[in-house]
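Novice: need coordinates for the below:
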Amino acid sequence: MPNRIMALVAALTFAATGCGVLPTNNAAAPPSSETPPSSEPAASEPAASEPAATPAAQETKDDRPALAETRSTMTEHLKVEVVGLNRVKGKHLIVQLRLSNTGTKDLPWTGEMGDGTRPLGRILWASGIGVLDAAARVWLLPYQPKDSPCLCSDQERDDLGYFIDPDQSIAVYAVLPAPSGNPSTATVVTPVGPPMLNVPISDEPPAGDFPDPDAEPVTPVTRRIVLPSESLDKSEETADDGKELQVSLSSDVLFAVNKDTLTPRAKAVLARTAKLVDASPASVVKVEGHADSSGTDAINDPLSQRRAQAVQRALAALLARDGVRFQARGYGSRRPLYGNDTDEGRRRNRRVSVTFAKPQPKTEQADPAEDLAQTFGPEAGELKATGEAEGQPIAMKITGLRRLPGGIGLLTYTITNEGSAETTYNDLHHAQDWQSYKYQAASNVRLTDVAARRQYLPGRLEVPADGGVDYYCSCTDLSGVRIRTETFAPGQTREFYGLFALPDNATTLNVKIAGFRDLEVPVR
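Specialist: Numbering: from 1, shown residues only. Next up is the predicted model:
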């Protein structure tokens, strides 16, 4: 099947279905990428109402300079480069990527580029291309029109082929909301590898034709990023989504068994929470009591209500400012955070949660457009630990702990099989059994601020689902098409990542990755 210019096909297809195209930079129209023949069966003949096929275009080499690049964690020969990042109408963003096969065998790409946080059926789309809006704590993905999964490249519609031939490339795109604050750079994310930082955004029209999201009804697809942390004494844990802070206080610390009278230890725990409320602009604070699944609703519901009211009264007395209104309610066992099938999960579900607007930062935040990620590249031999997997020696090396805007930290690290036989290292997804992510991911990682006696867990992407919420780890995915990502050939190295909350004043953190020893890592 001959090549076609992806952008032209996309433009004709969307125009024929009633969607316009965005303004383009005709003087700098990009050449199409070389696309190998598809190994899939030919697509069915178009219906009478569908547009006729576009004539084949002359094949040319895509030699646009790369603005940033990453490698697939799962498939080392898949190279991903950003070749275009354009803000349009001040509110939309066009992301163009070049996918290259640097290996010697045909390479499938559709499974790797699909958005794994929603069901798509057949994965034919580059729907996983996105941007991390760190300042707003939001993961931005392509718009979703009424009749297709996304405003993005479609393998069949755009005649891209299922495989990329060796030493060849294809170009794919996505249309999504622009990040907040009119920044000059963006962090581009894909499902395949670590985020690409500080990619410059152009306000010039993109080179090529792309569908206009203002020409038809589209739905923004966003994933709020929730950053959890917990005290080392297990008295409380927090979840920060950038707008609200939820502090979950352990009922085992606050109360005796089956009691609603606060313990002497509770005062110190509540005093810390009161200081956070004082620093917050909140006028309303929600206090919610929760129980585990043991016992009956007749016991759990009134007990959780009385405990919420006890915490409300104590917090109100500890606040140093006026004008705060409380809402107290008990939910019994109906809103568990974790599974009730383990002692640890039940312990964490016995809690009183205090939710309020996030406290204001102590110092003025830099303009997001100027607040670039700071990078750290250790010298060879530093920040390395060794271990063993299935009898083979393996090594882990931390390649960066970077501070991004919005209080987000990006940890990157590699794992290498230093043995002579293939091995599998499954410890990356063997997190504590209370951690509730929907699919396996490299979530068995902890960052600890020893001085503050607090540890930070991988962030979670909040995804609406059936009237509720699902959570996915904002870290390297290890499920679905990526299930063999923890399998290493002899000498093979894979790079992993995770997003975390970072304490404002920390200069170093202890990093614990799976079964490797702790490492003291500079925050840059």
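Novice: go ahead and confirm residue 177 touches residue 93.
Specialist: Yes - with contact defined as CB atoms under 8 Å, residue 177 counts as touching residue 93 (6.7 Å). Using the backbone N, CA and C atoms, a C-beta is placed for each residue, glycine as well.
Novice: for those two, list the residues in contact with both.
Specialist: Taking CB atoms under 8 Å, 6 or more residues apart in numbering as the criterion, residue 177 and residue 93 both touch residue 140.
Novice: next, the nearest residue to residue 89 once chain neighbours are set aside: phi, psi?
Specialist: Nearest non-adjacent residue to residue 89, counting by CB to CB, 6 or more residues apart in numbering: residue 214, 7.3 Å away. Note on residue 214: backbone dihedrals following degrees, to the nearest 10 are phi -90, psi -10.
Novice: residues near residue 479, how many?
Specialist: 16 (other CB atoms under 10 Å).
Novice: residue 443 is in contact with that one, correct?
Specialist: No - with contact defined as CB under 8 Å, residue 479 does not reach residue 443; the gap is 11.2 Å.
Novice: quick check on residue 303: phi, psi?
Specialist: Here is the backbone geometry of residue 303 (degrees, to the nearest 10): phi -70, psi -40.
Novice: list the contacts of the residue lying closest to residue 105 once chain neighbours are set aside.
Specialist: Nearest residue to residue 105, sequence neighbours excluded (CB to CB, 6+ apart): residue 166, at 6.5 Å. Counting by CB under 8 Å, 6+ apart, residue 166 makes contact with 101, 103, 104, 105, 106, 107.
Novice: out of the residues you listed, who's nearest residue 227?
Specialist: residue 107 (34.3 Å; CB to CB).
Novice: all helices for the stretch 301-450 of the chain, in order.
Specialist: 343-349 (DSSP state H, counting those that start in this stretch).
Novice: any regions of the stretch 401-524 of the chain where pLDDT drops low?
Specialist: Within the stretch 401-524 of the chain, the segments meeting pLDDT under 70 span 431-438.
Novice: redo that, cut-off 90
Specialist: Residues of the stretch 401-524 of the chain that meet the criterion pLDDT under 90 lie in 405-406, 429-440, 464-471, 479-483, 503-506, 524.
Novice: would you mind measuring from residue 186 to residue 105?
Specialist: 33 Å (CB to CB, to the nearest Å).
Novice: residue 410 and residue 197 touch, don't they?
Specialist: Yes - using CB under 8 Å, residue 410 is in contact with residue 197, at 7.4 Å.
Novice: residue 230 contacts residue 453, doesn't it?
Specialist: No - counting by CB under 8 Å, residue 230 does not reach residue 453; the two are 10.2 Å apart.
Novice: adjacent strands (with direction) for the helix or strand harbouring residue 230?
Specialist: If you go by DSSP states H and E, residue 230 is part of strand 218-231. Note on strand 218-231: by DSSP bridges, its sheet partners are strand 138-145 (antiparallel), strand 236-240 (antiparallel), strand 454-456 (antiparallel), strand 460-465 (antiparallel).
Novice: now do that strand: distance to the chain's middle.
Specialist: 8 Å (CA atoms, centre = their mean, to the nearest Å).
Novice: pull out the buried residues from it.
Specialist: 218, 221, 222, 223, 224, 225, 226, 227, 228, 229, 230, 231 (16 or more other CB atoms under 10 Å).
Novice: now it: mean pLDDT?
Specialist: Averaged over strand 218-231, pLDDT sits at 95.
Novice: re the thing from before, PyMOL command for the buried members of the contacts of residue 166?
Specialist: In PyMOL, this line selects whichever of the contacts of residue 166 come out buried by 16+ other CB under 10 Å:
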select buried, resi 101+106+107
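Novice: neighbours of residue 284, how many?
Specialist: With other CB under 10 Å as criterion, residue 284 counts 11.
Novice: hmm, residue 355 and it touching each other?
Specialist: No - when contacts are counted by CB under 8 Å, residue 284 is not listed as touching residue 355 (9.3 Å).
Novice: chain neighbours aside, what residue packs nearest to residue 150?
Specialist: That would be residue 142: by CB to CB, 6+ apart, it lies 3.8 Å from residue 150.
Novice: show me what contacts the one you found?
Specialist: 126, 127, 129, 130, 150, 151, 152, 174, 175, 176, 221.
Novice: and the furthest pair within those?
Specialist: Largest separation among the contacts of residue 142 by CB to CB: 126 and 221, giving 13.2 Å.
Novice: out of the contacts of residue 166, who's nearest residue 388?
Specialist: For the contacts of residue 166, the nearest to residue 388 is residue 103 (28.5 Å; CB to CB).
Novice: residues touching the closest one, list them.
Specialist: 76, 77, 166.
Novice: mind checking pLDDT for it?
Specialist: Looking at residue 103, the pLDDT reads 95.
Novice: ok, how many other residues are close to the nearest residue to residue 302 once chain neighbours are set aside?
Specialist: Leaving out its chain neighbours, the residue that sits closest to residue 302 by CB to CB, 6+ apart is residue 330, at 7.0 Å. Residues contacting residue 330 under the criterion other CB under 10 Å number 21.
Novice: residue 330 and residue 310 touch, don't they?
Specialist: No - in this structure residue 330 lies outside contact range of residue 310 using CB under 8 Å: 10.8 Å.
Novice: residue 463 contacts residue 473, doesn't it?
Specialist: No - with contacts counted by CB under 8 Å, residue 463 stays clear of residue 473, the gap being 11.4 Å.
Novice: low pLDDT regions in the stretch 101-250 of the chain?
Specialist: For the stretch 101-250 of the chain, the ranges with pLDDT under 90 are 111, 116-124, 135, 146-149, 157, 161, 207-209, 234, 241-242.
Novice: what about the helices in it?
Specialist: 110-113.
Novice: just to revisit the earlier point, quick one: which of the contacts of residue 142 sit in strands?
Specialist: 130, 174, 175, 176, 221 (DSSP state E).
Novice: now do the contacts for residue 408.
Specialist: 132, 134, 137, 225, 227, 459, 499, 500, 501, 502.
Novice: dump those to TSV, plus distance to residue 321.
Specialist: Listed next are the contacts of residue 408 as TSV, based on distance: CB to CB, whole Å:
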residue	distance to residue 321
132	34
134	30
137	26
225	29
227	26
459	30
499	33
500	31
501	25
502	27
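Novice: just to revisit the earlier point, and which of the contacts of residue 142 is nearest to residue 204?
Specialist: Nearest member of the contacts of residue 142 to residue 204, counting by CB to CB, is residue 175, at 16.1 Å.
Novice: show me what contacts the residue nearest to that closest one when sequence neighbours are not counted?
Specialist: Excluding the flanking residues, the one nearest residue 175 by CB to CB, 6+ apart is residue 151, at 4.0 Å. Taking CB under 8 Å, 6+ apart, we find residue 151 in contact with 142, 143, 144, 145, 174, 175, 176, 210, 211, 213, 218.
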